[in-house]
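[1] following is a predicted model, sequence given first.
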Amino acid sequence: MLLSLVHFELLINSNQMKKTFFTILLLLPCPVFAQEDLTQGVWKGLLQQEIGAKNFTEDNQKPTLSGAFIAGLNFDHNYNSTQAINNFDSVSTRTSLVSKLSLTPNFSVQNVLRLDAVNKGDPQFVTRSSGGNVAASNGSNRYFADEGLRVEEITANYTYKNFTVLAGKFVPNFGLNWKWGRGIWSQNLSGNYRQNQKLGTGLSYKVGSRKKTGQYNFGFATFINDRSGLNNSAFSQSASDNRSATKAGDASGLMQSYVASMDILFDFAEQEQLSYHFSYINLGVNSKASTINSNKIADQKGYVLAMNYRYPLAQNFLVDALLEYVDMKNIGGNSDVGEQYYTASLVAEIYRNWNVTFANTTLVHSQLGYNGFDQSLSEISFGYNFDKSVFYDKLMTQIGYKNFRTNYKTSVDENNSLGVLLRYVKYF
């Protein structure tokens, strides 16, 4: 019964799914900001000032340091799986230190340090091949498995009026749903298309007013995959450290890998916000090092269409809705492989402190000459936000249910989980 209530998978073929999704996208008035993203501090923070950065004033021209410490602790109880070996408990953490050192009114250095599972084999992450969880040896429980500390982002940034230039290691502005903050697991499946570990440079420009015509943030960045020492992690080694494993984005030529994005933001009234996100990415492939047949090698490309709406339905009831469509072609540089992601999530905030999250992401994976497969992750969770105190700025706990389903066309794997999340935030 619980499965029938929660597992709101789209039971239609991919063409019908795409038409249905775009129809909803056109009819709905906006996308969601419910629980703000706290772990991507650099690019988004420069444009939207979301990490509590202190500004220079006429009375204070000295360098300032500001940022946030975010700690998350997850407990997952995988209690009912198609394969019994996937029935196990896991405990994991996701902790970040986001900082901004403002050296002058225009120049700053930003950094994101992260401690979490560095390998996608950890059950905190959902991957194309794992069915939502990778079992420990003999199905035993997993506690803080593959946890590693690494530099996620570090950039030098220069801002002049509405222009910002950055250079360093960063996460490109591609997609929304992979960002941590909406529920317990809702971002996991979207993590497949997340682009991180990039070295490069970017330019952004913002114009307009959120309360009048809307604020338009335009961005462009070019980069290569990080194969430097910054790609290493302490405690556990990241799988991406394997230099022999070629991947999309390894091409080193100028402008072979890049992302272009546009974010549109509106503040219509108190607590009512609307935003749109559009982005396109091209990841160059090093054809000389690739193991793919030369007649099938192609740059990996993709685009995102997303909308987010936050609306107060009543004095003590606010809804935050997100719709996102992602289309990825030539996965891993192979022109035979493509993927589409369909995401819908709704967060209801009740009496300021309480919240309920409903979320579903469906992945359609296709490969020429093969059956392909579909994956779907559904979540329903309930949370409580504690009032601010001297010890924390934000403290939130959530408890929820997750269903993860993989349809291989010839067989189906399914996993049901109960989970608890505790998240702590302190600004400085």
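    Perfect, thanks for sending it.

[2] shaky segments in the stretch 301-428 of the chain?
    Nowhere does the stretch 301-428 of the chain drop to pLDDT under 70.

[3] again, but for the chain
    By pLDDT under 70, the low-scoring segments of the chain are 1-60, 119-139, 235-246, 289-290.

[4] now do the contacts for the residue nearest the centre of it.
    In the chain, the centroid-proximal residue (C-alpha atoms, centre = their mean) is residue 178; its distance is 1.9 Å. For residue 178, the contact set (C-beta atoms under 8 Å, 6 or more residues apart in numbering) comprises 187, 190, 191, 193, 194. In this view, the C-beta of every residue, glycine as well, is placed from N, C-alpha and C.

[5] ok, residue 89 next?
    Residue 89 makes contacts with 75, 76, 77, 78, 141, 142, as judged by C-beta under 8 Å, 6+ apart.

[6] picking up where we left off before, helix, strand, or coil at the residue nearest to the centre of the chain?
    Under DSSP: H, G, I helix; E, B strand; the rest coil, the three-state class of residue 178 is coil.

[7] what's the answer for the one 3 residues further on, then?
    In the three-state summary, residue 181 is assigned as coil, counting by three-state DSSP.

[8] try the one 5 residues further on
    For residue 186, the secondary-structure state derived from three-state DSSP is coil.

[9] what about the residue nearest to it when sequence neighbours are not counted, neighbour count?
    Nearest in space to residue 186, with sequence neighbours left out and distances taken as C-beta to C-beta, 6 or more residues apart in numbering, is residue 359 at 3.7 Å. For residue 359, the count of nearby residues is 27 (other C-beta atoms under 10 Å).

[10] wait, a strand at residue 359?
    Yes - residue state for residue 359 (three-state DSSP) corresponds to a strand.

[11] which stretches of the stretch 51-200 of the chain form strands?
    According to DSSP state E, counting those that start in this stretch, the stretch 51-200 of the chain carries its strands in the segments 64-81, 89-102, 107-117, 142-143, 147-160, 163-170, 198-209.

[12] make a markdown table out of the ones you listed and add distance to residue 375.
    Shown next, in a markdown table, are the strands of the stretch 51-200 of the chain (distance: least, C-beta to C-beta, whole Å):
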| stretch | distance to residue 375 |
| --- | --- |
| strand 64-81 | 15 |
| strand 89-102 | 19 |
| strand 107-117 | 19 |
| strand 142-143 | 21 |
| strand 147-160 | 25 |
| strand 163-170 | 28 |
| strand 198-209 | 25 |
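
[13] among the ones you listed, which is nearest residue 330?
    Of all the strands of the stretch 51-200 of the chain, strand 198-209 sits nearest to residue 330, with 18.1 Å by C-beta to C-beta.

[14] in that closest one, which residues are buried?
    Going by neighbour count (16 or more other C-beta atoms under 10 Å), the buried part of strand 198-209 is 198, 199, 200, 202, 204, 206.

[15] related to what we said a few turns ago, can you say which of the strands of the stretch 51-200 of the chain is nearest to residue 416?
    Proximity to residue 416 (C-beta to C-beta) singles out strand 64-81 among those, at 4.2 Å.

[16] adjacent strands (with direction) for the closest one?
    Its sheet considered, strand 64-81 pairs with strand 89-102 (antiparallel), strand 412-427 (antiparallel) by DSSP bridges.

[17] and it with strand 107-117, angle?
    Strand 64-81 and strand 107-117 meet at an angle of 20 degrees, taking axes from the mean of the first three to the mean of the last three C-alpha atoms, to 10 degrees as the criterion.

[18] buried subset of the contacts of residue 89, written for ChimeraX?
    Here the buried members of the contacts of residue 89 are turned into a ChimeraX selection, burial being counted by 16+ other C-beta under 10 Å:
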select :75,76,78,142
